[in-house]
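[1] Prediction below, plus the sequence it came from.
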2 protein chains.
Amino acid sequence: MDVTAQKNELPTLEDVAKAARVSTATVSRCLNSPDRVSESTKKRVMEAVRDLKYSPNFGARALAAKKTNTYGAVIPTMDNAIFARGLQAFQQVLVDNGATMLVASSAYDPEIEENQIKTLIARGADALLLIGTDRDPGIHEFLRDRNLPVVIAWACTTEPALSCVGFDNVEASRQLALKALDLGHREIAFLSAFTKSNDRARNRVIGARKALEERGLDPSSMPVVETKYSIRSAREAFGALVRRSPRPTLVMCGNDVLAAGAVQEARDMGLDVPGDISITGFDDIELATVIRPALTTVHVPHRKMGRLAAEVLLDQVRHNSGPRHITLDTHIVERASLGPAPALCRTASLPL
Amino acid sequence: MDVTAQKNELPTLEDVAKAARVSTATVSRCLNSPDRVSESTKKRVMEAVRDLKYSPNFGARALAAKKTNTYGAVIPTMDNAIFARGLQAFQQVLVDNGATMLVASSAYDPEIEENQIKTLIARGADALLLIGTDRDPGIHEFLRDRNLPVVIAWACTTEPALSCVGFDNVEASRQLALKALDLGHREIAFLSAFTKSNDRARNRVIGARKALEERGLDPSSMPVVETKYSIRSAREAFGALVRRSPRPTLVMCGNDVLAAGAVQEARDMGLDVPGDISITGFDDIELATVIRPALTTVHVPHRKMGRLAAEVLLDQVRHNSGPRHITLDTHIVERASLGPAPALCRTASLPL
DNA sequence: TTGTACGCGTTATCAA
DNA sequence: TTGATAACGCGTACAA
């Protein structure tokens, strides 16, 4: 046993009180409401604080004050540019307001998400950021019972007890599909992220179906393949989609990463994008601008969403204001990967 | 004042104890050392826990146990794939071990970093993950005094009190430069991230210089431009570098994002990569495989680094083991963006 | 195997 | 303006 490795005892309020020859209550006041303390003693106390390098114990403080100044966020994964970006903005606002962020990730697993939510609550989170709406309603109830401010991000909800800062995934996807239909595409396939427990992914498919229906096409005839969030999986899934007959003239992808994989695979198959086949993305991350052809995609204001989510939560906690429902605008960014549908007769002559 | 907005009282250990008709001590034991409790009572207690949706109060627990089971991480920004990826792995290991991660970001500012470190300590972090070695030595001292386990990631240190899980940035960059020199490149320029307070960026430049020197070239003649982490800035910086005379035949970039920007700009300038000019990256993120030409770059095991960092820290905290210094291997991934140096005579006939 | 009782470091109430 | 002192919720000797 290495005796030298014992953790040094940190100074406590009491140590400071002794050093400054005052009571612990006075020290506490000096730190929390300095105006209620005389200048002279304040000076003495602050000096002791500095001398001892005192820093208040968070646990004790949380226990006594029943407030932690901590905001929790549960996201599917940090290893996804859109969430990382949004969270960075979320945290920035919190830090600027003297608060702390606690992150946890759920790996897209509802059960893990539930656990993480409980963990964050146990740790005294004053409010929570959650992604999307797909979860056991019991959880929302649980949260409501606790009267804990919650903001849903990346999606909208009408649930009155919950705040949201999101956008309309269905509508955005529908608009994009309509644009493609206007370009003459009729054989449209969808390359989606897994839709189970993922309302964003599901709604993007739904939006496309809606557009088809509006134009008198059969929405159920649209082939949909679900795959995991990675370039490699996207390539495989794209391959499967393209080998179908009739071959799609457009593959809409649930996000830019999948679209990037699709573009790669298309090129490797000898298909010209968008000459032989069009591909669209969703999210508008940097990747979309960097590949060739650059992606036509839906621009989503990820940073703004993170920022607003923090502001909404801060407001609910600090000013006891009610839930807010914010729907942000998205817009289509036209780049090169979506073009007019190729003439039908070409289909037969294409490489495998 | 909205009376309905009062936070409901959370159930406590005592509530559970009452519901299960046992003492609080027994409930506590059920949760912390289940083997010291009989099956029958355990069952009863767990049921009560579920019924009441009980979840232990973190503050109280920390206070009583003098341990928070919390591991802090201070990174420059989450909005960078490599840190996001590493952190995700870091957190995964922690969660698997029943621990929690606390993240804070410093925005590459040493002063903010220092504050964040103190915040995390105040919040009872049992250990800390820090990126790189560039910081006021006073901080390391402070940490050592507190006997708080610290792991440095993305770089190595010989500081005996600190653990590290990193790789040799100098050496990796040197190897890449040597490979380029072997391909005949003599006019090499470096497009770097800001090197102030960033030992990783600085060491990558140093590695290239070292290689030049070994081959009898003047290292100080290598042009270096520093720019911020974004495609757009990289494009501008690349443009400036290329307009120099003699025009470089290779632009080494401090990371893949900068390299992606460089490749884009080169193509827009009508330069063939690597025919007219070669470009290399560093990190090997997905982006590197997706752009054309794909990047020749240095592969860094980001996830593994995060995983190991967590394991090292867990080990130090739970088994009181000493600091460990782990150096991971990197390797060059040869793709298309680095080719042989073009013949000198071509220089004059190039566009622009 | 289970229960009793104390202490952890802070805030907040009430007197002085 | 200051000082006692009672919570806050949990872990853990120690006792039963």
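    Yes, it's here.

[2] ok, for the residue nearest in space to the middle of chain A, nearest residue in space, not its chain neighbours?
    What sits nearest the mean C-alpha location of chain A, by CA atoms, centre = their mean, is A:Phe83, with 4.0 Å. Once flanking residues are discounted, A:Phe83 sits nearest to A:Ile75: 4.6 Å by CB to CB, 6 or more residues apart in numbering or on different chains. (Each C-beta comes from the backbone N, C-alpha and C, glycine too.)

[3] any idea how far that neighbour lies from A:Ser40?
    The gap separating A:Ile75 from A:Ser40 is 49 Å, by CB to CB, to the nearest Å.

[4] between those two, which one's more packed in?
    A:Ile75 (25 against 8; other CB atoms under 10 Å in any protein chain shown).

[5] That one against A:Gln88, yeah?
    No: shown here, A:Ile75 and A:Gln88 do not form a contact pair, counting by CB atoms under 8 Å, at 11.6 Å.

[6] What number of residues are in the vicinity of A:Met269?
    17.

[7] what separates it from A:Ala260, distance-wise?
    A:Met269 is 15 Å from A:Ala260, by CB to CB.

[8] Please verify my assumption that A:Glu14 contacts A:Thr24.
    Yes: contact status for A:Glu14 versus A:Thr24: in contact at 5.5 Å, counting by CB under 8 Å.

[9] If you count contacts, what does the longest helix seen in chain A end up packed against?
    As assigned by DSSP state H, the longest helix anywhere in chain A is helix A:302-319. Using 3 or more CB pairs under 8 Å, 6 or more residues apart in numbering or on different chains; DSSP states H and E, the elements in contact with helix A:302-319 are strand A:70-75, helix A:81-96, strand A:127-131, strand A:150-153, strand A:163-166.

[10] wait, does it contact DNA strand C?
    No: Helix A:302-319 is not in contact with DNA strand C by CB under 7 Å from any atom of the strand; minimum separation 14.6 Å.

[11] List the buried residues for the helix or strand just after that helix?
    Per DSSP states H and E, helix A:302-319 leads on to strand A:325-327 as the next helix or strand towards the C-terminus. By neighbour count with 16 or more other CB atoms under 10 Å in any protein chain shown, strand A:325-327 contains the buried residues A:His325, A:Ile326.

[12] Spell out which parts of chain A neighbour DNA strand C.
    A:9, A:12-14, A:24-25, A:28, A:31-32, A:54, A:56-57, A:60-61, A:63-65.

[13] So which of those belong to helices?
    A:Leu13, A:Glu14, A:Thr24, A:Ala25, A:Ser28, A:Leu31, A:Asn32, A:Ala60, A:Arg61, A:Leu63, A:Ala64, A:Ala65.

[14] Which members of these additionally contact DNA strand D?
    Contacts with DNA strand D within these, counted by CB under 7 Å from any atom of the strand: A:Thr24, A:Ala25, A:Ala60, A:Leu63, A:Ala64.

[15] Among these, name the buried ones.
    In these, the ones that pass as buried (16+ other CB under 10 Å) are A:Ala60, A:Leu63.

[16] which of the ones next to DNA strand D among the ones in helices among the residues of chain A next to DNA strand C lies closest to chain B?
    If you rank these by distance to chain B using CB to the nearest CB, A:Leu63 comes first, at 4.0 Å.
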